[in-house]
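>>> Give me the fold of what follows.
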Amino acid sequence: MLAHTPGLVRYGSKPFRESKSRPEFPAALMRGLWSYDEACRYLPNQVFIGSQPPARLWEVEQPWFDNLTAADDGEPPFGHIMEERRFLALLAGADPFRHVLLRERFWEEMSPVLSASPLTAPLASRTPPLLGDTQLDTELEAADCLPLFAGGEGAPVGVVKPGHSEDESLSAPVLLENLCCKVSGALAVHELLNQVEGLGLSDVDLVLSCSEEAVGDRYQRGGGNMAKAIAEFAGCHLGTGIDIKDFCAAPIPAMVIGASLVDSGVFRNVVVVGGGSLPKLGMKSLYQLEQGIPVLEDALAAVAVWIGRDDGRSPVVNLQGVGRHPVRAGAALDKQFKELVLEPLRRLEWGVDRIDRVVTELHNPDIMVSAKAGDVAARNYRMMAAMLAAAREIDRSDIVGFARAKGVCGYAPTQGHIASGFVYVPHALREMGAGAIRNCFLVARASLFLGQMTELTDGMSVLIERNGNG
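Take a look at the predicted model:
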């Protein structure tokens, strides 16, 4: 699912810092934001929710923000794009400690909207704390509170208060970040339940969160547990939850762990979920505002995948085809791809010709190119192909066409874990079901050096393939 949240872009890490040092920045940021209609007509967003196939990205000239298409009026195959007012109302309902307070008339407007939707009605059972206009204005005067804005509206519709005055891990910005992850993750779980036959809330035994957010307090900054919070809010009352942390790569290890637990019989049904990352909203906004283009990082993205027992029809996770990134591999990109792609293929005794689809980081090039970071997906495919050519797995003449032949054009929001091949799983399953591909190799990489505990990178890969009995 996608939650179009232009009013929350100001609380992305980069915009939040810029607003403190440059008083003119918030107004410029607001002028660069898209409407909900524009977000729905943006091709990468349509690919994200399955309304358009990824191959369409090769056909439409970039930049895509200059080529908006007609919005899909039907039910999207994978999930919806939620507008901000509904998302903000859910934030308050997801807050059991009542730090999110809403303007009373805003809730009176949104409560029936939430109750009327099959997607949000199960999540809107709790009435949040409500304040009249004067009461809300009083709360907003506190320096440690954050006002909540719905898009371009002038008056805040709510406020986020800190959980503790002396605990940075429970400050209003951190609580808002974690609540955004929790709500978007729970919405993705409900989208999954609405799309997949044979799985209900009571069937979920384990939720594995591969989200990047860290839940904790001043004594345990990242102690957890986002997965349990998502499971509770989503209504998976017979399940439990565990967080899997590996920076951007986390979804693929989470899928491998989930498949291993199901294969061993410890759990029957595992849901792997990655919630949206609020700090990465507006991450490249300075570059975009300088060039007069829209602020494209304006949506929280979430993905959920169900891993259950083999039903004889559904695609399977091939646990023999797991690629690992050992410590000895170091950080060089060619060595990473050698361990994550070449080594598992040789272990399987497969040639590259047997792989129909290879998916690595699918960051949206509209965002990355405008920020002078280049096309990440295209660069990765070039490096991967060069490594395979050096290993004599493909001919050097095949390097240029490798991305088109085996890969996917980037389209994911720049929320690292989402773009790590995880975002492509629904498309891969649909393509296998249609007989378009036999298998898909998911490759994820992680920059562990960002935490300054090691200079290493990490990564993992896994093969999903059509069921031999299907």
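
>>> can we go C-alpha only for contacts and neighbour counts from here?
Will do.

>>> looking at the chain, which residue lies furthest from center?
Thr134 (37.2 Å; Cα atoms, centre = their mean).

>>> For the host helix or strand of it, which outside residues touch it?
Assigned by DSSP states H and E, Thr134 belongs to helix 133-140. With Cα atoms under 8 Å, 6 or more residues apart in numbering as the test, helix 133-140 has contacts from 101-104, 145-147, 158-159.

>>> Need the residue closest to the centroid of this structure.
Mean-position check on the chain, Cα atoms, centre = their mean. Result Ile418 at 3.4 Å.

>>> separation between that residue and Lys280?
12 Å (Cα to Cα, to the nearest Å).

>>> Over to Asn194?
For Asn194, the distance to Lys280 - Cα to Cα - is 28 Å.

>>> and what of Ile230?
In terms of Cα to Cα, Ile230 sits 20 Å off from Lys280.

>>> following the helix holding Thr134, which helix or strand shows up next?
strand 146-148.

>>> Mind listing the strands that next one pairs with, and their directions?
Applying DSSP bridges, strand 146-148 is found paired with strand 158-160 (antiparallel).

>>> what's next to the strand it pairs with, contact-wise?
For strand 158-160, using Cα under 8 Å, 6+ apart, the contacting residues are 99-103, 136, 139-140, 145-149, 172, 175-176.

>>> cool, and stretch 427-439?
50, 53-54, 315, 355-357, 440, 463-466.

>>> residues in contact with the residue nearest to the centre of the chain?
By Cα under 8 Å, 6+ apart, the contact set of Ile418 is 248, 251, 274, 301-303, 412.

>>> go again using 7 Å as the cut-off
Applying Cα atoms under 7 Å, 6 or more residues apart in numbering to Ile418 gives the contacts 274, 302.

>>> helix, strand or coil for it?
coil (DSSP: H, G, I helix; E, B strand; the rest coil).

>>> tell me what the biggest helix by length in the chain is packed against?
When the chain is parsed with DSSP state H, its longest helix is helix 172-195. Here helix 172-195 touches helix 84-93, helix 226-234, strand 303-307, going by 3 or more Cα pairs under 7 Å, 6 or more residues apart in numbering; DSSP states H and E.

>>> need the ones you listed in a markdown table with mean pLDDT and distance to Cys40, can you?
Shown next, in a markdown table, are the helices and strands packed on helix 172-195 (pLDDT from 0 to 100; distance: least, Cα to Cα, whole Å):
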| stretch | mean pLDDT | distance to Cys40 |
| --- | --- | --- |
| helix 84-93 | 96 | 13 |
| helix 226-234 | 97 | 25 |
| strand 303-307 | 97 | 18 |
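
>>> Same list, the ones you listed, but as a markdown table with distance to Ala405 and mean neighbour count please.
Formatted as a markdown table, the helices and strands packed on helix 172-195 follow (distance: least, Cα to Cα, whole Å; neighbours: other Cα atoms under 10 Å):
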| stretch | distance to Ala405 | mean neighbour count |
| --- | --- | --- |
| helix 84-93 | 38 | 23 |
| helix 226-234 | 37 | 25 |
| strand 303-307 | 26 | 26 |
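
>>> Show the pLDDT at Asp458.
We have a pLDDT of 94 for Asp458.

>>> in stretch 257-273, what's buried?
257-263, 267-273 (16 or more other Cα atoms under 10 Å).

>>> Same list, those, but as CSV with pLDDT please.
Converted to CSV, those look like this (pLDDT from 0 to 100):
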residue, pLDDT
Ile257, 98
Gly258, 98
Ala259, 98
Ser260, 98
Leu261, 98
Val262, 98
Asp263, 97
Phe267, 98
Arg268, 97
Asn269, 97
Val270, 98
Val271, 98
Val272, 98
Val273, 98
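
>>> With respect to Leu123, which of the residues you listed is nearest?
Nearest to Leu123 among the buried residues of stretch 257-273 is Val273, at 16.8 Å by Cα to Cα.

>>> How about the backbone phi and psi for that closest one?
Backbone geometry at Val273, expressed as degrees, to the nearest 10, gives phi -130, psi 140.

>>> next one: Gly274
Backbone torsions of Gly274, given as degrees, to the nearest 10, read phi -120, psi 120.

>>> and the nearest residue to Gly224 once chain neighbours are set aside, what element?
Once flanking residues are discounted, Gly224 sits nearest to Val215: 4.6 Å by Cα to Cα, 6 or more residues apart in numbering. Val215 belongs to no helix or strand when assigned by DSSP H and E.

>>> Just the local confidence number for Val215, please.
The model's pLDDT for Val215 equals 95.

>>> Verify the contact between it and Met226 for me.
Yes: using Cα atoms under 7 Å, Val215 is in contact with Met226, at 6.4 Å.

>>> related to what we said a few turns ago, show me the one of the helices and strands packed on helix 172-195 that comes nearest Leu296.
helix 84-93 (15.3 Å).

>>> May I have that closest one as CSV, with CA atoms only?
The C-alpha coordinates for helix 84-93 follow below in CSV (Å, rounded to 0.1, in the frame of the first residue of the first chain):
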residue,chain,number,x,y,z
GLU,A,84,-3.6,11.6,4.0
ARG,A,85,-6.7,12.5,6.0
ARG,A,86,-7.6,8.9,6.5
PHE,A,87,-4.1,8.0,7.3
LEU,A,88,-3.8,10.7,10.0
ALA,A,89,-7.0,9.6,11.6
LEU,A,90,-5.7,6.0,11.8
LEU,A,91,-2.5,7.3,13.4
ALA,A,92,-4.5,8.5,16.4
GLY,A,93,-6.4,5.2,16.6
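
>>> now it against helix 226-234, angle please.
Put simply, helix 84-93 runs at 110 degrees to helix 226-234, going by axes from the mean of the first three to the mean of the last three Cα atoms, to 10 degrees.

>>> Understood, closing this out.
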